[in-house]
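no sequence for this one, just the structure:
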C-alpha cells in the first residue's frame, strides 16, 4: 500500500507545482491590425512578437466583436458581447458607458483572482465599473507610449516572491493616434504622429525604427496617396516600439526562469486607426493579430486557420488556469453577483441581467492543431464609439459570406474625431465625394445601404455588395435569419429594429 500512497502524493505535489507555474501575460495593443512579420507583412520590424509566434500559434482568422476601444475591452474582459455586458461605447469622460454590475460573476480579473491568481494591470484600462473589473495590483510608472518602460515597471510584479501564479494585463496606448502632427512633413495635410516623438526623437530606452513612406504596403481599405503613406510610416514606427516592450517582457521572464512557465498572448482591441478600419465592422476594423505561446503545448510554430473571437479570451485564459467549468462554460468558483451587491448602495440600481456562462469558448485545446475548427460563424455588434457616434451595426460572418446590417443607414456614417481629422481621409474627402477611398468612393463610405452582403470567401476586400443581386437572394435571406437568431439568443435589444423603422 505504500507505493500507491507515495505515487498519489508525488502526483499531487506535481499537480500543485504545475498550477503554480501557469502564469499568464496578456498583451493588448491599441488600434493595431495584423501588421506583423509573423503575418507576412513585408516591412514590419517585429522580431520579438515573431519569435513568440514561431514558438506558439498564430491565429490567421481572429476577430474583434466591435472596433471601438472601450466596448471591445469590455468584451475581452468579460467573454460577453458588448450589447449583453452593457458597455455600448466609451467609458471615459462624458461618454459614460459601463458594464452591468452582474458582469462581476464572469469578469476576467475577478475570476482569475478566485482561481488563486494574483492579478496585475498596467497601461490602458478603459472599462468600468472598477469594482466589476478589479485587479489586485494597478502598476504605476509605465508610459503607455513606451512599452519598454511598462515592462520595466512590471518587473517587480512578475518576479514577486509569491506562491501564487500571476496574471498580468499589459495594455499599451500604441499604436493609437495622438501626440500631434508631424510638422516636418512638406504636405499641407500633416500626418498624425501615432505617439512617436517629433523630429525623429526617441522614447527613453527605445531604439526607434523609422519607416520610409515609399515602402509601406497599402491595406485594401485605404487609398494609395502620399498622405496615406506618411501616416502608415508613423503607424509602423509605433508598432515597432510595442515590439521592443514585448522583447523586454520576454527578457524579464527568462532572467527569472519564468518564460517556460508563462503563457503569452498578444492581440489588439481592434484594427488600425484609419477610416475603413477602426469603428467599422469591415475586415479592416475587426481582423486583429492574435499570437499565443503556451509553454505546455508540444506542437509549436502553428499557423491556425480556425476562426476565433474576442469573446473567447476570458474563458480561454481561465481554462489554462484550471478555473473553467467545461460543462457550464463558466467559472468553477462562480460568484453570485446579486448577493455580492445585496448590502451595497448599488443594490438599489438595476444590476443587470442574470449572467451564467460565457458567450465565448476556450481555444486552448486547439492551439497545437492547425486543422481544428473553432467557430464556423462569428458575430459582431457595434453601437457607439464616442457618445455622439450612434450607428448600430450587426454582423454575421463565416468563411463563405458576410452580412452587415447598418441599422441607422439613414444617417451619414459618423466619424471618430481623430479619424475625421486624419490626413489620409481628409485628402480624399476634400477632393470630392466621388474620390476613391479603398474599395469605395468617399460618398459610398459615408452613406451606406441598409445591408451589405459579401461573398467573403471570394471577395476578402468587401468590394462587391450582393445585397440586391437576385442571384444571391436566397443566401441573403438565409443570412438575415442567422443574424436574427443570434440577436434573439443574445438578447440584443436592437432585434426589435427588424419590425419597425
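Arrived safely. Only a predicted model underlies this, so the values are computations on that prediction, with no experimental measurement involved.

quick one: secondary structure of the residue nearest to residue 228 when sequence neighbours are not counted?
Leaving aside its sequence neighbours, residue 228 sits nearest to residue 424 (C-beta to C-beta, 6 or more residues apart in numbering; 4.3 Å). Quick note: C-beta positions are derived from backbone N, CA and C, even for glycine. For residue 424, the assignment made with DSSP: H, G, I helix; E, B strand; the rest coil gives helix.

Kindly tell me how buried residue 424 is, as a neighbour count.
Neighbour count for residue 424, taken as other C-beta atoms under 10 Å: 26.

Residue 388 now?
Neighbour number of residue 388 under other C-beta under 10 Å is 13.

Which residues are in contact with it?
Applying C-beta atoms under 8 Å, 6 or more residues apart in numbering, we find residue 388 in contact with residue 414.

Could you do residue 250 as well?
Here residue 250 is in contact with 48, 51, 52, 259, 264 (C-beta under 8 Å, 6+ apart).

Just give me the residue right at the centre of this structure.
With distances taken as C-alpha atoms, centre = their mean, residue 269 lies nearest the centre of the chain, 2.7 Å away.

so how many other residues sit close to residue 21?
Quick note: residue 21 (other C-beta under 10 Å) scores 14 neighbours.

what number of residues lie near the closest residue to it other than its chain neighbours?
Leaving aside its chain neighbours, residue 21 sits nearest to residue 261 (3.8 Å; criterion: C-beta to C-beta, 6+ apart). Residues near residue 261, counting by other C-beta under 10 Å, number 17.

Might one say that residue 261 is in contact with residue 24?
No - distance between residue 261 and residue 24: 10.3 Å, which falls outside the contact criterion (C-beta atoms under 8 Å).

Settle this for me: the residue nearest to residue 228 is touching residue 231, isn't it.
Yes - the pair residue 424 / residue 231 is scored as a contact, 4.7 Å apart, by C-beta under 8 Å.

Which residues are in contact with each of those two?
Counting by C-beta under 8 Å, 6+ apart, the residues touching both residue 424 and residue 231 are 191, 274.

low-confidence ranges in the chain?
Applying pLDDT under 70 to the chain picks out residues 1-20, 90-96, 347.

Can you identify the helix in it that spans the most residues?
When the chain is scanned for its longest helix (criterion: DSSP state H), the result is helix 226-255.

so what strands line up beside the next helix-or-strand element following it?
Sequence order places strand 262-268 as the next helix or strand after helix 226-255, per DSSP states H and E. Using DSSP bridges, the strands paired with strand 262-268 are strand 23-29 (parallel), strand 290-293 (antiparallel).

Can you list the neighbours in contact with strand 262-268?
With C-beta under 8 Å, 6+ apart, strand 262-268 has contacts from 22-33, 49, 52, 56, 62, 64, 246, 249-250, 253, 288-295, 310, 313, 317, 320.

So which elements touch the following helix or strand past that strand?
Counting by DSSP H and E, the next helix or strand C-terminal to strand 262-268 is helix 283-286. For helix 283-286, not one helix or strand is in contact under the criterion 3 or more C-beta pairs under 8 Å, 6 or more residues apart in numbering; DSSP states H and E.

Helix 283-286: how far from the chain's middle?
How far helix 283-286 lies from its chain's middle: 11 Å, per C-alpha atoms, centre = their mean, to the nearest Å.

what does that helix rub up against?
Contacts with helix 283-286, where a contact means C-beta under 8 Å, 6+ apart, come from 33, 63-65, 67, 219-221, 270-272, 274, 276-279, 380, 395, 438, 456, 460-462.

ok, residue 393 touching residue 382?
Yes - using C-beta under 8 Å, residue 393 makes contact with residue 382 at a distance of 4.7 Å.

what's the overlap in contacts for these two?
Common neighbours of residue 393 and residue 382 (C-beta under 8 Å, 6+ apart) are residue 281.

and the two? which has more neighbours close in?
Neighbour tally, residue 393 and residue 382, criterion other C-beta under 10 Å: the higher count belongs to residue 382, 30 against 25.

State the distance from that one to residue 290.
Using C-beta to C-beta, to the nearest Å, residue 382 is found at 19 Å from residue 290.

before we move on, what about residue 123?
Noted for residue 123: a distance of 18 Å to residue 290, by C-beta to C-beta.

Repeat that for residue 86.
From residue 86 to residue 290 the distance is 25 Å (C-beta to C-beta).

who has more neighbours, these two?
A count of neighbours by other C-beta under 10 Å puts residue 290 above the other of residue 86 and residue 290, at 27 against 20.

so what's the more buried one bridging to?
Legend: beta-bridge partners of residue 290 under DSSP bridges are residue 267.

isn't it right up against residue 56?
No - applying C-beta under 8 Å as the test, residue 290 and residue 56 come out as separate, 10.4 Å apart.

I appreciate the help and will end here.
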